[in-house]
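> Here's my sequence, what's the structure:
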Amino acid sequence: MKRNAISLALAATLLAALASCGPEAAPASTGPAELEAHWEVLETGAPNIANRRYEGYTDALIPAGDYGELVPYIGGEVMPAGPFTTYLYGLATHEGEIVTDPVYFSVESCRWYDGAGERGSADALILSSGEAAEGADGSSFEIRRGLCAADGSWYTGQCFSDVPLQSRCGALCLEPDGAVAMLGWDGAELWRWEAGAAPLEGFAERAEYLSYAEYAGDYLIYDTGGEGAPSYIDLRDGRVYADKPAELTWPPAEEPLPFGAEEYTDGLYTIEDGLITIEPDSGGSYTFAVPDGPGDFYPSINGDRVIFHFYGDASVLTDLDGNELKRWEDSLTDFISQLNPFAPALIARNEVVPGEDGETPRIIYTVYDRDGNAVADNCSSAWQFLDRLYLVEDDCYRLTDLEGRDLIRLSRWMTADIPAEE
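Down below sits the predicted model:
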């Protein structure tokens, strides 16, 4: 472990990020050596775990063929002008070897659910970071996005202003000058429209809202917002058609839900006469008695696990055979936020408790595995990325496996009692 290397780079990154968010342009950094570091306050009750691939500060992914699956980790935070903390993420191997320092505002899995009912994901990540830029008022701060392979074998760099659309064909990317590029899921460019050369009226101005547009299979159905008919963009080659292509079934035929059925992410369920019937899209049908509870309820369903929420009084975890696995005497429990919704999620119980001043409330989380066994507690934030957990505690950030074993553990230096002038 190279503790000083990760801590020094972390401090440099966070101080630079904080400066760039201010009202004036940040001076050019001359490197971490100019910082007066307070390493004595960066220790927690447990030692830091920060094994690095590269000795020096690494603010960009270096493509390599031997990383394996990459996962984000939390390495710092900044306080935006609002009530929520913005965490800073780096990339690490699945086993916790750090390959970039925490320079990203978000790391997202590439996935889509299109208007024809197709749901899919790609082995790629979208990385968002900030860039200081000169503006009319002398300074500005702009978001830049890049794409990389989920295994780190290719990386575009942070060269896009937005990635508003993902589909089975690839990702539609916007460049800062207004150019449009369609990338396949191998990182190769499929086609591009240069700045000002888009063959559709107002496309550049409306492109950032494409995540709300209709798209199905290989086609984007582009409506200019006027009274005219939509255009059809073939996402494979960028060709634009005024008439609907024969191969495109659009709009899709709507099939009415069976009487009494409700949709959930992966299928349908029906509740009748004290029984719940669950029919996942993957096949099968499961019927069992609703567990005993104090009145009205609603279910949350995730794979082969169900949480019954009895309003204000209890939460009950079962499997698809109706076996009761865990019961909580309140309803503040649900499946944890999973950054890739196609993967099974653990369970988080959130509880509102008094803050350090005895008055200001705070939320703490306890995380349970899918059988209801606690794996982490007293967390101020908790979420999941595939089979890795992200836990923020009062004094540290943790990346763990689903059993709560630490892979990366970093001191949360923003909570340290360092004088403001330092």
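
> Report the contact partners of Thr287.
Contacts for Thr287 were tallied using Cβ atoms under 8 Å, 6 or more residues apart in numbering; they are Leu275, Ile276, Thr277, Ile278. Yep, even glycine has a C-beta here, placed from its N, CA and C like the rest.

> Give the rounded mean pLDDT of the lengthiest strand in the chain.
Across the chain, the longest stretch assigned as strand under DSSP state E is strand 119-133. Rounded to a whole number, the mean pLDDT of strand 119-133 is 90.

> what sits up against the helix or strand that it is followed by?
Following the chain from strand 119-133 toward its C-terminal end, the next helix or strand by DSSP states H and E is strand 140-149. Applying Cβ under 8 Å, 6+ apart, the contact partners of strand 140-149 are 20-21, 61, 63, 70, 105, 110, 123-134, 154-163, 171, 173, 176, 183, 186-187.

> Likewise for stretch 270-280?
With Cβ under 8 Å, 6+ apart as the test, stretch 270-280 has contacts from 258, 260-262, 266-269, 285-290, 299, 301, 306, 320.

> And the longest strand of the chain, how far out from the chain middle?
Between the centre of strand 119-133 and the centre of its chain there are 9 Å (Cα atoms, centre = their mean, to the nearest Å).

> now that strand against strand 140-149, angle please.
Strand 119-133 runs at 140 degrees relative to strand 140-149, counting by axes from the mean of the first three to the mean of the last three Cα atoms, to 10 degrees.

> Any buried residues in strand 119-133, and which?
Applying a neighbour-count criterion of 16 or more other Cβ atoms under 10 Å, one finds Ser121, Ala122, Ala124, Leu125, Ile126, Leu127, Ser128, Ser129, Gly130, Ala132 buried in strand 119-133.

> Tell me the one of these nearest Ile233?
Ala122 (19.1 Å; Cβ to Cβ).

> For Gly130, list each beta-bridge partner.
Beta-bridge partners for Gly130, by DSSP bridges, are Ile143.

> And for the nearest residue to Leu220 once chain neighbours are set aside, the neighbour number?
The shortest distance from Leu220 to any residue that is not its chain neighbour, by Cβ to Cβ, 6 or more residues apart in numbering, is 4.3 Å, and that residue is Ile233. Ile233: 26 surrounding residues under other Cβ atoms under 10 Å.

> Let me know whether Ile233 touches Tyr219 as I believe.
Yes - Ile233 is within contact range of Tyr219, at 6.5 Å (criterion: Cβ atoms under 8 Å).

> And Ser337, how far from Tyr390?
Using Cβ to Cβ, to the nearest Å, one obtains 9 Å as the distance from Ser337 to Tyr390.

> overlap in contacts of the two?
Shared contacts of Ser337 and Tyr390 (Cβ under 8 Å, 6+ apart): Trp383, Gln384.

> Please say which of the two ends up with more neighbours.
Between Ser337 and Tyr390, counting by other Cβ under 10 Å, Tyr390 is the more crowded of the two (24 against 14).

> Please look at the more buried one and Trp383 and confirm they touch.
Yes - here Tyr390 reaches Trp383: they are 5.2 Å apart, a contact under Cβ under 8 Å.

> who's in contact with Tyr222?
Leu200, Phe203, Ala213, Pro230, Ser231, Tyr232, Ile233.

> Kindly report the same for Thr100.
Taking Cβ under 8 Å, 6+ apart as the definition of contact, the neighbours of Thr100 are Thr58, Asp59, Ala60, Leu61, Gly90, Leu91.

> On the pLDDT front, check the second one for me.
So the one you mean is Asp59. The predicted local distance difference test score for Asp59 is 96.

> On the three-state scheme, it is what?
Put simply, Asp59 is coil when judged by DSSP: H, G, I helix; E, B strand; the rest coil.

> Once you drop chain neighbours, what's closest to it?
The spatially closest residue to Asp59, leaving aside those adjacent along the chain, is Val103, at 4.9 Å (Cβ to Cβ, 6+ apart).

> cool, and the first one?
Take Thr58 and drop its neighbours on the chain: the residue closest to it by Cβ to Cβ, 6+ apart is Thr100, 5.1 Å away.

> Please, which helix or strand holds the one you found?
With DSSP H and E as the test, Thr100 turns up in no helix or strand.

> ok, it to Gly65 distance?
Between Thr100 and Gly65 the distance, using Cβ to Cβ, works out to 16 Å.

> And for Val180?
Counting by Cβ to Cβ - Val180 and Gly65 are separated by 30 Å.

> Which residue of those two possesses the greater neighbour count?
For Val180 against Gly65, the residue with the higher neighbour count under other Cβ under 10 Å is Val180, and the figures read 22 against 10.

> partner residues bridging Arg409?
Bridge pairing for Arg409 (DSSP bridges) gives the partners Ile49, Arg398.

> Counting neighbours, what do you get for it?
The local packing count at Arg409 equals 20, with neighbours defined by other Cβ under 10 Å.

> What of the one 3 residues further on?
By other Cβ under 10 Å, 20 other residues sit near Arg412.

> Now do the contacts for it.
Neighbour list for Arg412: Thr44, Glu77, Val392, Glu393, Asp394, Asp395, Cys396, Tyr397 [criterion: Cβ under 8 Å, 6+ apart].

> ok, the last one touching Thr85?
Spelled out, that is Tyr397. No - contact criterion Cβ under 8 Å: Tyr397 and Thr85 do not qualify, at 11.5 Å.

> Could you check which of those two has the larger neighbour count?
Taking Tyr397 and Thr85 together and counting by other Cβ under 10 Å, Tyr397 has the greater number of neighbours (26 against 13).

> give the contact list for that one.
Taking Cβ under 8 Å, 6+ apart as the criterion, Tyr397 is in contact with Tyr73, Ile74, Gly75, Gly76, Tyr87, Tyr390, Leu391, Ile408, Arg409, Leu410, Arg412.

> Leaving out the residues flanking it, which one is nearest to it?
Nearest-residue entry for Tyr397: Ile74, 4.1 Å, with adjacent residues in sequence omitted and distances by Cβ to Cβ, 6+ apart.

> isn't the one you found right up against Arg388?
No - Ile74 is not in contact with Arg388 according to Cβ under 8 Å; the separation is 11.2 Å.

> which neighbours do those two share?
Leu399.

> State the next helix or strand along the chain beyond the helix or strand bottoming out on mean pLDDT in the chain.
Least confident helix or strand, the chain: helix 3-20 with a mean of 37, by mean pLDDT, DSSP states H and E. The first helix or strand that comes after helix 3-20 along the chain, using DSSP H and E, is strand 70-78.
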